[in-house]
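# Sequence first, then the predicted structure:
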There are 2 protein chains.
Amino acid sequence: MGIKQIAKLANVSIGTVDRVIHKRVGVSKETERKVLKIIEETGYVKNTTASRLKLASVKKIKIAILIPEIKNKWSYWKLPKKGTAEAVEELREMGVKVVYHEFSDSGSFADQRAAIFQKEYDGIVTVPFFGKECNVLLKLAKSKNIPVVFLDTEIPLEGGAYFIRQNSNIAGMVAGRLLHGLVGKDGRYFIVNILNDMGIQVNNKQREDGFRKFFKSINEELPVLTINHPLNEVFKVSKEMETWFKGDYRKGIFVTNSRAHLIPDLLKEYDVQNTFVLGFDLNKQNLKYLRNGKIDFLINQQPKYQGYAAIKSLFNFLTKQDASELNLDIPVEIIVKENIADV
Amino acid sequence: MGIKQIAKLANVSIGTVDRVIHKRVGVSKETERKVLKIIEETGYVKNTTASRLKLASVKKIKIAILIPEIKNKWSYWKLPKKGTAEAVEELREMGVKVVYHEFSDSGSFADQRAAIFQKEYDGIVTVPFFGKECNVLLKLAKSKNIPVVFLDTEIPLEGGAYFIRQNSNIAGMVAGRLLHGLVGKDGRYFIVNILNDMGIQVNNKQREDGFRKFFKSINEELPVLTINHPLNEVFKVSKEMETWFKGDYRKGIFVTNSRAHLIPDLLKEYDVQNTFVLGFDLNKQNLKYLRNGKIDFLINQQPKYQGYAAIKSLFNFLTKQDASELNLDIPVEIIVKENIADV
DNA sequence: CTGAAAGCGCTTACAG
DNA sequence: CTGAAAGCGCTTACAG
């Protein structure tokens, strides 16, 4: 059941059916109605594969990817990038093409944004690091009718934004559940926010909130100390921390970002006993400590899959008007030493 | 870069190029060499999408799915089935078709196997419940050059079998890690194998082994009691169990199959305190107890995804000779109350 | 053994 | 406003 059948049933040419399907101009109201009726009755759906066959060589789908520069500080970003590359490879025959733009701060983000809007893109994948700049991007994209998918974190933006990210609040609750299982109600808890250049990130705050929410949910008022430290001051220990360090109880340490690997050395330096550590992301250093038992749990955000899903969902939206996958909740994946797998 | 370019460069017609690509008969050695050389030099790869365009309507890819009858006892199997249906929907335009055959015991398995080989299928997806019967199936499939993918469990078979399943040994180790975290070294552990009609399943045994392997890996000799009970005798409690039940220590209960939900009521009946329960699969009853805190952890085998992956990987094998996905390790997914998601 | 033509379902100029 | 034809990359009869 294809366009040809529809044309025959509606007594028009296939060209006209095509025009109706794509809401192109130049079809009389009456003809349009007639064709739509037949489409409705027969339950016809466009064969996207066939439709891409010609376009794949003539008119590619072009997606701009605006992500952090991949260097040591942000090596995390090679994973989402890799995911986008895999999706492009899978969709190669469908004519999908991506161009990478990288930024290192809000200034270069704005520059690259300008570069993107100078070209003709069909979709944009980026990261909501700079709220203001993202709103500008969204506004521009809206005026050109270009869908924008944000990875990694959800922040409040002015509308029309899609997000593929883990629910940080739930991740925090899971973290609470897991650490509480090891530490129990007689222990003490540290929430460690390691700040970066841009201060505390929205998702770190959401994780912290989730962690506290978990304790509320089990009706336990437990001693939780929040520590906000810039990256270069992680090893600065306050009086209160030192007191807690010395206690005989178990201690649960929740690191709200990817730098849990900084903790074991600190604990060793201060000779802290009875500690349990949970953090985020399967980077090399974290995995090393998970393997040797100095970190107990890691939560994975499936960064590669986030990139993969962004491209696939944009493709499905652009070719089938299927927006259902543009917002995606990445499951909170719990990793222990035994179930480390390839990422 | 398509078949047309290759034809031009090799000074032959596109028909001949097609013959070479598909190793069809009726091409002179010399012509074949010439064409292969050009293909090599240009790095040409067949456009599978285009090649399926015509075949999708003329010659469908037909896959037989031989799985347990879906009734209460085996309601689990509606999940892999659903996954296959989703993959078929996704590949609809590529002309993929599945036919479901269901069995209820080894006799009907053999019957359905016979029915399958009476028709012309391009691939088979099934389940390794009956080793002997599976070897017969594999032999038949091999003689007809049909790939066979087994879901759920890996058992030793006579060769040529592909498996999409979780590594049960690793799952058992993860279970050990998680329960040990809650119960500690002063507690006691129960491994509960709930037998079904077919006795103990291979993967239950593997999970048990993994669990014990974990304790070895952390150098702890802990008291672990294995309990093998048929489904209708789960509530039969031995003398030794009763003694352990009364102890003041923490108790970790590892249920090696999907019936962890039977445990909380049993524990209540015997008034057992200080218990922690871990089991497999996100069925309705298990989820109920995970939500109300009577079960602490569930391990998910992503059954829906197993079915999905089986169809996709068979398609990739049949259309691109890409066998790389026919064997697949499903990650050991850890579920707590807070990260229950849609399955 | 090889080539030329028709066709898969759709899209795109072009003609009227 | 509408239709007829060419073409996307490949496969399949058919002719020689």
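Ah, there it is.

# interface residues of the stretch 51-200 of chain A facing DNA strand D?
A:53-54, A:56-58 (Cβ under 7 Å from any atom of the strand). Backbone N, C-alpha and C define where each C-beta goes, glycine included.

# are any of those residues buried, and which?
A:53, A:56 (16 or more other Cβ atoms under 10 Å in any protein chain shown).

# Show me which residues of the stretch 1-150 of chain A are close to chain B?
When proximity is defined as Cβ under 8 Å from any Cβ of the partner chain, the stretch 1-150 of chain A approaches chain B at A:47-50, A:52-53, A:56, A:93-94.

# what does chain A put close to DNA strand C?
A:2-4, A:14-15, A:18, A:21-22, A:46-47, A:50-51, A:53-55, A:58-59.

# Mark which of those are buried, thanks.
Those of the residues of chain A next to DNA strand C that meet the buried threshold are A:3, A:18, A:21, A:46-47, A:50-51, A:53, by 16+ other Cβ under 10 Å.

# Same list (the residues you listed) but as CSV, adding pLDDT.
Formatted as CSV, those follow (pLDDT from 0 to 100):
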residue, pLDDT
A:I3, 91
A:D18, 92
A:I21, 91
A:K46, 92
A:N47, 92
A:A50, 92
A:S51, 92
A:L53, 89
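
# which residues does the residue in the stretch 151-300 of chain A positioned nearest to DNA strand D bridge with?
In the stretch 151-300 of chain A, no residue comes nearer to DNA strand D than A:Y162, which is 30.2 Å away by Cβ to the nearest atom of the strand. Residues in a beta bridge with A:Y162, per DSSP bridges, are A:V149.

# Run through the residues that contact it.
Listed by Cβ atoms under 8 Å, 6 or more residues apart in numbering or on different chains, the contact partners of A:Y162 are A:147-150, A:313, A:323, A:326-327.

# if we go to 6 Å?
Neighbouring residues of A:Y162 by Cβ atoms under 6 Å, 6 or more residues apart in numbering or on different chains: A:149, A:326-327.

# just checking, A:Y189 is part of a strand?
Yes - the assignment for A:Y189 is a strand, going by DSSP: H, G, I helix; E, B strand; the rest coil.

# Check whether the spatially closest residue to A:P68 that is not a sequence neighbour sits in a helix, strand or coil.
Nearest residue to A:P68, sequence neighbours excluded (Cβ to Cβ, 6 or more residues apart in numbering or on different chains): A:W74, at 4.4 Å. Of the three states, A:W74 takes helix according to three-state DSSP.

# Any idea which helix or strand in chain A has the lowest mean pLDDT?
Within chain A, no helix or strand scores below strand A:224-230, which has a mean of 80 by mean pLDDT, DSSP states H and E.

# Distance from the chain centre to the following helix or strand past it, please.
Of the helices and strands lying after strand A:224-230 in sequence (DSSP states H and E), the nearest is helix A:239-246. How far helix A:239-246 lies from its chain's middle: 36 Å, per Cα atoms, centre = their mean, to the nearest Å.

# what's near enough to touch the closest residue to DNA strand C within the stretch 101-250 of chain A?
Residue nearest to DNA strand C within the stretch 101-250 of chain A: A:D122 (12.4 Å; Cβ to the nearest atom of the strand). A:D122 is in contact with A:61-62, A:318, counting by Cβ under 6 Å, 6+ apart.

# please redo it, this time with the cut-off set to 7 Å
Taking Cβ atoms under 7 Å, 6 or more residues apart in numbering or on different chains, we find A:D122 in contact with A:61-63, A:146, A:318.

# quick revisit: would you put the C-alpha positions of the least confident helix or strand of chain A in CSV?
Output in CSV follows, covering the C-alpha atoms of strand A:224-230 (Å, rounded to 0.1, in the frame of the first residue of the first chain):
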residue,chain,number,x,y,z
VAL,A,224,24.2,15.3,56.7
LEU,A,225,27.0,17.8,56.1
THR,A,226,27.2,19.6,52.8
ILE,A,227,30.6,20.6,51.6
ASN,A,228,31.0,23.0,48.7
HIS,A,229,34.6,23.2,47.5
PRO,A,230,36.2,24.5,44.4
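
# Mind listing what's buried along that strand?
Neighbour-count burial for strand A:224-230, with 16+ other Cβ under 10 Å as criterion, is recorded at A:224-225, A:227, A:229.

# Dump those residues to TSV, plus distance to A:T31.
Below are the buried residues of strand A:224-230 laid out as TSV (distance: Cβ to Cβ, whole Å):
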residue	distance to A:T31
A:V224	68
A:L225	71
A:I227	69
A:H229	68
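
# Show me where the stretch 101-250 of chain A has its helices.
Listed in chain order, the helices of the stretch 101-250 of chain A (DSSP state H, counting those that start in this stretch) span A:106-118, A:131-143, A:168-183, A:202-217, A:239-246.

# Quick one: closest of the ones you listed to B:L282.
helix A:168-183 (15.5 Å; Cβ to Cβ).

# For ChimeraX, write the selection for the buried entries among the contacts of A:Y162.
A single ChimeraX command is used to select the members of the contacts of A:Y162 judged buried by 16+ other Cβ under 10 Å:
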select /A:149,326
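
# can I get the contacts of A:Y162 in JSON lines with pLDDT?
Shown next, in JSON lines, are those (pLDDT from 0 to 100):
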{"residue": "A:V149", "pLDDT": "98"}
{"residue": "A:L326", "pLDDT": "96"}
{"residue": "A:N327", "pLDDT": "96"}
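
# for the stretch 101-250 of chain A, what are the low-confidence residue spans?
Counting by pLDDT under 70, the stretch 101-250 of chain A contains low-confidence residues at A:197-200, A:234-235.
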